[in-house]
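1. Sequence first, predicted coordinates after that:
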Amino acid sequence: MRILSALAVGLLFGLGLTISGMIDPAKIISFLDIAGAWDPSLLVVMASALAVSFLGYRIVLARGRPAFEPAFQLPSKTVIDRPLIIGSALFGAGWGLAGLCPGPAISAAALGEPAIYAFIAAMLAGMALNDFLPARRAA
Amino acid sequence: MDVAAFSPVPAAIGGAMIGLAAVLFMALNGRIAGVSGVVAGVLAPLRGEGRGDLAWRGAFVAGLFLAPLAASLVRGEIVRVSAPHPWWMMAIGGLLVGYGARLGSGCTSGHGICGLARLSKRSVAATATFMTAGIVAVFILHRWMGF
């Protein structure tokens, strides 16, 4: 069941990205281009997603446990540290450069644009670079 | 502001679906719907970890991948996207996104949606940081370098 639910949630998530236009790099770059022809659509997507998830999380987390797992798995770190800020800054720079982040990149991959495959291959390499180097591994 | 490109209604509907997906993932699978975390977990068995989680992680990724195809079927036309830069620039972007998301413990979905919805201080800091870095990157690339 947890495999089916993950598939359904991934599909719903991807449909949300597709309908909102967020799988289009041009749309992301127009949002970040505040000095140009600014397109605030992403702000509306975030506001709408946050309204639903803020209320939904309240209801769901008040219940004892998830349906298909023994317990909720929530991040335990609360300290704002250097890896968080440096990582987020690097992430944001790449996001602005390519107009893609991981979710939209995977959805957009279905549409057959070769340069997006280059993005995904490099993204996986970047993840492996962090996760497989023993010195510093993000949780 | 680009009034012609601004699309508040599809943005609000799509956003609500993303929010609902995050809530359902917590209610059913008990996890944060953070795409970088889910995807990185697909690589984890390569270093001998998380083999038991591979199936649901793969299913989540498959759902994301299939979504625009499903939308194309319903609409009767292929959803189109284009890359804004040549492949090697997209690859540099991908490398930064992949490495940065792991080092920073999350991306737009994990921090920007799920983390903010939990009022996590770390996610507020991460979201403010990647938004600022994205704006700066676009400013440099598009306003100074003319891409």
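-> Looks like it arrived, so ask away.

2. now for the longest helix along chain A, which elements pack on it?
-> Using DSSP state H to define each element, chain A has its longest helix at helix A:41-62. Using 3 or more Cβ pairs under 8 Å, 6 or more residues apart in numbering or on different chains; DSSP states H and E, the elements in contact with helix A:41-62 are helix A:25-32, helix B:8-29, helix B:116-117. Backbone N, C-alpha and C define where each C-beta goes, glycine included.

3. relative to helix A:25-32, how tilted is it?
-> Helix A:41-62 runs at 90 degrees relative to helix A:25-32, counting by axes from the mean of the first three to the mean of the last three Cα atoms, to 10 degrees.

4. Give the buried residues for helix A:41-62.
-> A:41-42, A:44-50, A:52-54, A:56-57, A:60-61 (16 or more other Cβ atoms under 10 Å in any protein chain shown).

5. after that helix comes which helix or strand?
-> Where DSSP states H and E defines the elements, the next helix or strand beyond helix A:41-62 is helix A:82-98.

6. Now do that next one, average pLDDT.
-> For helix A:82-98, the mean per-residue pLDDT is 98.

7. Buried ones in it, by neighbour count?
-> Quick answer for helix A:82-98 (16+ other Cβ under 10 Å): A:83-85, A:87-98.

8. That one near chain B anywhere?
-> Yes - for helix A:82-98, a contact with chain B is found by Cβ under 8 Å from any Cβ of the partner chain, at A:83-98.

9. Spit out the contact partners of the residue nearest to A:Tyr57 when sequence neighbours are not counted.
-> Nearest in space to A:Tyr57, with sequence neighbours left out and distances taken as Cβ to Cβ, 6 or more residues apart in numbering or on different chains, is B:Ala117 at 5.2 Å. B:Ala117 makes contacts with A:50, A:53-54, A:56-57, B:19, B:22, as judged by Cβ atoms under 8 Å, 6 or more residues apart in numbering or on different chains.
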